[in-house]
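Asks: my questions concern the predicted model and sequence given below.
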Amino acid sequence: MKKLIYIALLACLSLSFSGCYTHKAIGFLQDSTKCHPLPQYDSVAYEPYRIHVNDELIYRLVTMDETFGKTISSGNQSANTQYANSYRVYSDGTIDLPFLEPVHVEGLTVEEAQEAIRDAFREIIPDADVKVALYNKYFSVVGDIHSGRYYIYKEKLNIFQALAMTGDLMNSGDRKHVRIIRPRDGGEEPEVLEFDIRTNTIIDSKYYYVYPNDVIYVARTKDSFYKVPTYTGFLGLITSSMSLLISVLTYVGQLY
């Protein structure tokens, strides 16, 4: 009888070390050690987003020519008014703007597209100034995370800020194999970036920044079924299981 209880206690103790999520398993910005090796990623220079087919651009034309401005905007207030319009990038990489020939913007940064559109307008409006922004500044998340579509509120949005917007990863999310599915220029197959988000070398690596149209995918770990979110919950489970086991063994011992 005592031997069975001793074995049961040892089994529960061993489970307590394997049934919970540890810092090594789910913690961010960890150092790589001999006992706990993590991938080491190189730092790379930040590359600004480049416009893709089907992106939506919004531009704001500023001119003292009130007549021309009203013609574009179907009427507005006084001179020097700003006129905003949005346009989709077609499959040939161009956008159609009023009174202009199609302007090619695919593969350009937003700043480069702004210059190209401004130069095109200045051929007919000498004082034209143009401000251009990307309208569809969104990324998506799917998998073992709070899935959804989120707005990129600033340039250089990093992966941790993006995850914070979603409410962070679930403990059962596979941090070793986080994936970002990223569109490529020219209609090529999307690029799939896979990385371990736990390592501190993620900062300034090619995996660090989130771009418009990115899809972040987090799979569920295979052993998550056997784990509980916290030690408190796990200890409660162990305590109740042990109480039941001891009661059963006591009852069986009384029978014999």
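Replies: Noted; the coordinates are in hand.
Asks: would you map the helices across the stretch 101-250 of the chain?
Replies: 110-122, 159-166, 231-255 (DSSP state H, counting those that start in this stretch).
Asks: which of those has the lowest mean pLDDT?
Replies: With a mean of 57, helix 231-255 has the lowest mean pLDDT of these.
Asks: can you mark which positions in stretch 158-168 are buried?
Replies: Within stretch 158-168, the residues scored as buried using 16 or more other CB atoms under 10 Å are 159-160, 162-163, 165-166. All C-beta atoms are positioned from the backbone trio N, CA, C, and that covers glycine.
Asks: from these, which is closest to residue 142?
Replies: Distances from residue 142 to the buried residues of stretch 158-168, taken as CB to CB, are shortest for residue 166 (10.3 Å).
Asks: how about the contacts made by that closest one?
Replies: With contact set as CB atoms under 8 Å, 6 or more residues apart in numbering, residue 166 has these partners: 141, 145-148, 150.
Asks: one more: residue 108?
Replies: By CB under 8 Å, 6+ apart, the residues touching residue 108 are 50-51, 116.
Asks: turn those into JSON lines, including neighbour count.
Replies: As requested, those are exported to JSON lines (neighbours: other CB atoms under 10 Å):
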{"residue": "50", "neighbour count": "17"}
{"residue": "51", "neighbour count": "24"}
{"residue": "116", "neighbour count": "17"}
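Asks: contacting residues around stretch 148-160?
Replies: With contacts defined as CB under 8 Å, 6+ apart, stretch 148-160 is touched by 28, 46, 48, 137-141, 162, 165-166, 197, 202-203, 207-212, 216.
Asks: got the buried residues for it?
Replies: Result for stretch 148-160 [16+ other CB under 10 Å]: buried residues 150, 152, 157, 159-160.
Asks: so how far is stretch 124-135 from its chain's centroid?
Replies: Distance of stretch 124-135 from its chain centroid, counting by CA atoms, centre = their mean, to the nearest Å, is 31 Å.
Asks: mean confidence for that stretch?
Replies: Mean per-residue pLDDT for stretch 124-135: 92.
Asks: before we move on, what about stretch 38-45?
Replies: In the prediction, stretch 38-45 has an average pLDDT of 97.
Asks: who's the nearest residue to residue 118 once chain neighbours are set aside bridged to?
Replies: In this structure, residue 118 finds its nearest non-sequential neighbour in residue 130, 4.1 Å apart by CB to CB, 6 or more residues apart in numbering. Listed beta-bridge partners, residue 130: residue 61 (assigned using DSSP bridges).
Asks: do I have it right that residue 130 meets residue 111?
Replies: No - look at residue 130 against residue 111 with CB atoms under 8 Å: they stay out of range, at 11.3 Å.
Asks: still on that earlier bit, list only buried entries from the contacts of stretch 148-160.
Replies: Counted by 16+ other CB under 10 Å, the contacts of stretch 148-160 give 28, 137, 139, 141, 162, 165-166, 197, 202, 207-212, 216 as buried.
Asks: now, those that are in strands?
Replies: Judged by DSSP state E, strands contain the following of the buried ones among the contacts of stretch 148-160: 139, 141, 216.
Asks: what's near enough to touch the last one?
Replies: Same thing as residue 216. Contact partners of residue 216, counting by CB under 8 Å, 6+ apart, are 139-143, 145, 159, 162-163, 178-180, 210.
Asks: need the residues you listed in JSON lines (columns: distance to residue 68).
Replies: Output for those, formatted as JSON lines (distance: CB to CB, whole Å):
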{"residue": "139", "distance to residue 68": "37"}
{"residue": "140", "distance to residue 68": "39"}
{"residue": "141", "distance to residue 68": "43"}
{"residue": "142", "distance to residue 68": "46"}
{"residue": "143", "distance to residue 68": "50"}
{"residue": "145", "distance to residue 68": "48"}
{"residue": "159", "distance to residue 68": "44"}
{"residue": "162", "distance to residue 68": "41"}
{"residue": "163", "distance to residue 68": "46"}
{"residue": "178", "distance to residue 68": "50"}
{"residue": "179", "distance to residue 68": "48"}
{"residue": "180", "distance to residue 68": "43"}
{"residue": "210", "distance to residue 68": "39"}
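Asks: great, nothing more from me.
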